[in-house]
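Enquirer: here's a sequence, model it:
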Amino acid sequence: MKRSPLSPSLKRTVYVTAITSSVIASALYPPTSLIILNYANAFLSVAYALRAIELLLVDNPRRLYRLVKVNDSAPAEYVWKPLPPGMTLGRLLSVCDLLLNPRGIGWAHGSKRYLPELKRTNMTSQDGFQQKAEKHQEEERFTLNVATQNRLSFLAKEALKLFIAYLVYDAYCVVFGRNYAALCSNFHSFLNGPHLLQFELQYFGHQLRPSPEASAKLVRRFLLPPACWAACYAFIDGIHAAVALIDVGMLYLVAPTRASDPWMYPPVFGSWRYMFWPRLKDIWGKLWHDLCRRTLISSSSALIPRRIPVSLGRFLVGFLSFVISGVVHAAGTILIWATDVTYVIWWGYRTAPSFFSYSMIPESLASAPLPESWSICERF
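Expert: Sure, this is the predicted structure:
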């Protein structure tokens, strides 16, 4: 019996219902009482919902093509392949890659800057004429036009990155997680120390002598935000490095054709030079949110009318991307701290210390269940 395909409107209704139901169920029934897992559960639920909207409603799944390696020769050859048939292992692996690869690296719909320069494979016949190489399932084969990074040097770089990320995150958990009260006490002692008081008296003519409560507020306002930002950066970058080590290194030992190549794992964040540029577009869009920029922009583009001025359209895309990002963060907060959710949604218009005060990100990071025996900084 031949199945009749669903109409586009019915298909969209099914997609929207499934996406909405999964997000609501995940938010109402968190998996555990651990703060960091609850935050990650709600955060990723909304983030993956946006990803599903992008792939199922904004884009057409039938037009999703992936660059797949067909051999491990030198140079390796690739072909463009559509999504495998449903209910197969290949389809499951492709869907997992789409979920874990929001930048679309290695996919035709992804940004071209993440796609290496490709060269069609040619072969010379016996009579000397150039002709196209044999096709793999009616698709042309390609090789990389530029040599990719050496696998061993890439793995060594990622291992070093993972170690540094672990040190930064471990230091945050030790100082701001398990010993936060001691940090505030030591900072209060430092502010009221004889050397600092003498310096204040000599250059300012008076001594501040803050109270313990005032010292704790200074810690939360000026020390916690940059430390939390560094911990977030290290947490995400460390996970990216760990996945790269498994996918590029360990999997290569078992199944070379299934393993990814180094070019498939570019840096997870943008260049550090954008941190020192005065534009929010560079700091927020190119440095910090490079990982999910495509998802935010595609979701925002689908919400605005098409027949509007270009300048207004660009402004609305940036504005809505900013708001959607705030909603994703607020989704993680609402399960931990049910107050001030509206404030968190508009967190981008507030100062960083206020955002860290309301978002519960510092508490979530500090609650990671890392055994103290694994800590390196605790020994010092």
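
Enquirer: C-alpha from now on. contacts and neighbour counts both.
Expert: Fine.

Enquirer: in this structure Ala227 contacts Ala171, no?
Expert: No. Counting by C-alpha atoms under 8 Å, Ala227 sits too far from Ala171 to count as a contact (9.3 Å).

Enquirer: can you pull out the helices in the stretch 1-150 of the chain?
Expert: 8-28, 35-52, 89-100 (DSSP state H, counting those that start in this stretch).

Enquirer: which of those is buried the deepest?
Expert: With neighbours defined by mean count of other C-alpha atoms under 10 Å, none of these is more surrounded on average than helix 35-52, at a mean of 22.

Enquirer: helices or strands up against it?
Expert: helix 8-28, helix 293-303, helix 310-334, helix 361-366 (3 or more C-alpha pairs under 8 Å, 6 or more residues apart in numbering; DSSP states H and E).

Enquirer: export only the CA atoms of that helix, formatted as CSV.
Expert: Presented in CSV, the C-alpha positions along helix 35-52 are these (Å, rounded to 0.1, in the frame of the first residue of the first chain):
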residue,chain,number,x,y,z
ILE,A,35,21.2,23.2,39.5
ILE,A,36,23.6,22.9,36.5
LEU,A,37,21.6,20.0,35.0
ASN,A,38,18.3,21.8,35.4
TYR,A,39,19.8,24.9,33.8
ALA,A,40,21.3,23.0,30.9
ASN,A,41,18.1,21.0,30.4
ALA,A,42,15.9,24.1,30.0
PHE,A,43,18.6,26.0,28.1
LEU,A,44,19.2,23.2,25.6
SER,A,45,15.5,22.4,25.2
VAL,A,46,14.8,25.9,23.9
ALA,A,47,18.0,26.1,21.9
TYR,A,48,17.3,22.7,20.2
ALA,A,49,13.7,23.9,19.6
LEU,A,50,15.2,26.9,17.7
ARG,A,51,17.5,24.5,15.8
ALA,A,52,14.5,22.3,14.9
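
Enquirer: what mean pLDDT does that helix have?
Expert: Taken as a whole, helix 35-52 carries a mean pLDDT of 75.

Enquirer: try stretch 261-280
Expert: Predicted confidence along stretch 261-280 averages 76 (mean pLDDT).

Enquirer: Ala231 and Tyr166 touch, don't they?
Expert: No. Under the criterion of C-alpha under 8 Å, Ala231 lies out of contact with Tyr166, with a separation of 9.2 Å.

Enquirer: the more surrounded of those two?
Expert: For Ala231 and Tyr166, the more surrounded residue by other C-alpha atoms under 10 Å is Ala231, and the numbers stand at 24 against 20.

Enquirer: distance of that one from Leu223?
Expert: Going from Ala231 to Leu223 by C-alpha to C-alpha, to the nearest Å gives 12 Å.

Enquirer: quick one on the thing from earlier: so which of the helices and strands packed on helix 35-52 gets nearest Leu64?
Expert: Nearest to Leu64, of all the helices and strands packed on helix 35-52, is helix 293-303, at 15.0 Å by C-alpha to C-alpha.

Enquirer: quick one, the closest one and helix 35-52 angle?
Expert: Comparing the axes of helix 293-303 and helix 35-52 via axes from the mean of the first three to the mean of the last three C-alpha atoms, to 10 degrees yields an angle of 50 degrees.

Enquirer: what residues of helix 293-303 count as buried?
Expert: Residues of helix 293-303 classed as buried: 293-301 (neighbour count, 16 or more other C-alpha atoms under 10 Å).

Enquirer: using PDB, write out every CA atom in it.
Expert: Taking C-alpha atoms only, helix 293-303 is exported to PDB below (Å, rounded to 0.1, in the frame of the first residue of the first chain):
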ATOM      1  CA  ARG A 293      24.900  32.800  15.200                       C
ATOM      2  CA  ARG A 294      23.400  31.000  12.200                       C
ATOM      3  CA  THR A 295      20.500  29.600  14.200                       C
ATOM      4  CA  LEU A 296      19.700  33.000  15.700                       C
ATOM      5  CA  ILE A 297      19.900  34.800  12.400                       C
ATOM      6  CA  SER A 298      17.800  32.300  10.500                       C
ATOM      7  CA  SER A 299      15.100  32.200  13.200                       C
ATOM      8  CA  SER A 300      15.000  36.000  13.300                       C
ATOM      9  CA  SER A 301      14.900  36.300   9.500                       C
ATOM     10  CA  ALA A 302      11.900  34.100   9.400                       C
ATOM     11  CA  LEU A 303       9.900  36.400  11.700                       C
END
